[in-house]
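Student: here's my sequence, what's the structure:
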Amino acid sequence: MKDFAFTGGRPDPYTFPTEGLIEASAKALRKLGGDLVNYPGESGYRGLRELASMRFERREGVPLPIDNISITSGSMQALELVLGTLINPGDTVLTEEYTYSGTLGIMRHFKANIEGVDMDYIDGMDMDDLESKLQALKRKNIRPSLIYTTSNHQNPTGAILSLERRKRMLELAEEYDTLIVEDDCYGDIDFTSTPTPASLFKLDTSNRVIFIATFSKILGAGVRQGYFVAREPYYGQIHQNRWDGGTSALASAIVAEFFMEHLEAHLVKTNAAVGAKCRAVVETLDTHVSDICTWTRPRGGLFLWIDLPETTDLDKLRELAAKKGVGFSNGSAFHYANAPVKAIRLAYAYCHVDDIPEGITYLCEAIREAQTATAEVAAGD
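Tutor: Numbers count the residues shown, from 1 in each chain. Now for the predicted structure:
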């Protein structure tokens, strides 16, 4: 039986640049040599920080300050370091109503009170609801530690925070004296020629934003090369909580050597491949369940969100799908309060594009079979 793994957010394995990385590894080893006996240091390999700055400048028009970049073992370590510094037990944080389960897990680990903010699947977090929640907290004399947002190609919905909402979020952060953690880990995965809005970090004029990104999502989850960018005093405060000696200089140097020469070509290749997979998912859903389900139509990222009929038996759906080798993620895992949600998330980048129509067709059949008797009676009427 085939395995149709629409679960984890892994990049496309078929465009993984094995030969290019072998060449980059040789260059990195010759360049670093005996220096690898030393610890990398808390800020990480300078060559990769320079690459991060260069990549930001190509997208945003301005470079990142290299001395404010810190290389981490993936964006999740960056997030753990940042949130661990900013959150004290009992602090309140605000995030999209639907947020990556790993991020919610880190927030819960640091004993934060999580407030979910309404969102839509196109433009992201709703600023009217954010303002309303900030006002309600202020009436209780609560100042939230931070607002967390995945600004581009949000996980799990694929939403892109609009420019208008980004500007309003910065105004609200200033008005209510809180910080913004902008997670842009999916920003490089874009299938269209339409640029995403300017980052919150670029728009920030009052030192309210800490920026997180990664190279892993465009290369491979196993590479574990992310980074955060923070101005002082936050940069130093975050490093006070870091004890690992720094991220592998060898791994960082390999990524830097490869991407300094091949970044744009690799982005074109992998984004074309992932975009084709996303379209295959959408087209198959359009064919089979457009009368009973709705779903997002991502411009980028790794995920698609499906709202199911209220009459869906989720346990039965999972059982039926599993019998055909189809895996997906339950929507409740991404709800800030872990509430039951009649929705699922699909991660489309890992499966082979030729297998996607078959796998999604099986999923659509399972969705129809998982409707309860109430739905069947209604359909018969």
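Student: and this protein, what are its domains?
Tutor: 4-13+265-380, 18-262 (automatic domain parsing).
Student: how far does the longest one stretch from start to finish?
Tutor: Which is domain 18-262. Domain 18-262 has its terminal residues 13 Å apart, counting by Cα to Cα, to the nearest Å.
Student: that domain: how far from the chain's middle?
Tutor: Between the centre of domain 18-262 and the centre of its host chain there is 9 Å, according to Cα atoms, centre = their mean, to the nearest Å.
Student: can you check the first one too?
Tutor: Between the centre of domain 4-13+265-380 and the centre of its host chain there is 18 Å, according to Cα atoms, centre = their mean.
Student: before we move on, what's the pLDDT of residue 194?
Tutor: Note for residue 194: predicted pLDDT of 88.
Student: same thing with the one 3 residues further on?
Tutor: In this prediction, residue 197 carries a pLDDT score of 97.
Student: ok, it - contacts?
Tutor: If you count contacts by Cβ atoms under 8 Å, 6 or more residues apart in numbering, residue 197 has them with 151, 160-163, 166. (Glycine included, C-beta is placed from N, CA and C.)
Student: now with 6 Å?
Tutor: Residue 197 makes contacts with 163, 166, as judged by Cβ atoms under 6 Å, 6 or more residues apart in numbering.
Student: next: residue 325.
Tutor: Counted by Cβ under 6 Å, 6+ apart, residue 325 has contacts 1-4.
Student: in those, which residue is surrounded by the most others?
Tutor: residue 4 (24 neighbours; other Cβ atoms under 10 Å).
Student: ok, that one touching residue 358?
Tutor: No: look at residue 4 against residue 358 with Cβ atoms under 6 Å: they stay out of range, at 7.4 Å.
Student: count of neighbours near the spatially closest residue to residue 281 that is not a sequence neighbour?
Tutor: Among residues not flanking residue 281 along the chain, residue 348 sits closest, at 4.9 Å (Cβ to Cβ, 6 or more residues apart in numbering). Counted with other Cβ under 10 Å, residues neighbouring residue 348 total 26.
Student: for residue 348, give me its contacts.
Tutor: Counting by Cβ under 6 Å, 6+ apart, residue 348 touches 277-278, 281.
Student: at 10 Å instead, please
Tutor: 6, 9, 12, 274-282, 298, 301-304, 356, 359-360 (Cβ atoms under 10 Å, 6 or more residues apart in numbering).
Student: so which of those are in strands?
Tutor: Residues of the contacts of residue 348 located in strands (DSSP state E): 303-304.
Student: which of the contacts of residue 348 are buried?
Tutor: When the contacts of residue 348 are checked for burial by 16 or more other Cβ atoms under 10 Å, the buried set is 6, 9, 12, 274-275, 277-282, 298, 301-304, 356, 359-360.
Student: now intersect the contacts of residue 348 with the helices, please.
Tutor: Among the contacts of residue 348, DSSP state H puts 274-282, 356, 359-360 in helices.
Student: nearest to residue 80 among these?
Tutor: Here the nearest of the ones in helices among the contacts of residue 348 to residue 80, counting by Cβ to Cβ, is residue 274; it sits at 26.4 Å.
Student: and the residue nearest to the closest one when sequence neighbours are not counted, how far is that from residue 53?
Tutor: Closest residue to residue 274 apart from its sequence neighbours, by Cβ to Cβ, 6+ apart: residue 349 at 4.8 Å. Taking Cβ to Cβ, to the nearest Å as the measure, residue 349 falls 27 Å from residue 53.
Student: what about the helices in the stretch 251-381 of the chain?
Tutor: Using DSSP state H, counting those that start in this stretch, the helices of the stretch 251-381 of the chain run over 314-323, 356-369, 373-380.
Student: sorry, slip of the keys, the one I care about is the stretch 101-250 of the chain.
Tutor: Applying DSSP H, counting those that start in this stretch to the stretch 101-250 of the chain gives helices spanning 101-109, 127-139, 163-175, 200-203, 234-239, 249-288.
Student: just name the most buried of those.
Tutor: Mean neighbours per residue, mean count of other Cβ atoms under 10 Å, is largest over those for helix 200-203, with a mean of 21.
Student: who are the packing partners of that helix?
Tutor: If you count contacts as 3 or more Cβ pairs under 10 Å, 6 or more residues apart in numbering; DSSP states H and E, helix 200-203 packs onto helix 46-60, helix 163-175, strand 179-183, strand 209-214.
Student: tell me which of those sits nearest to residue 262.
Tutor: Closest approach to residue 262 among those is made by helix 46-60 (11.4 Å; Cβ to Cβ).
Student: so what does that closest one touch, helix or strand wise?
Tutor: Using 3+ Cβ pairs under 10 Å, 6+ apart as the contact test, the elements touching helix 46-60 are helix 18-32, strand 69-72, helix 200-203, strand 209-214, strand 226-229, helix 249-288.
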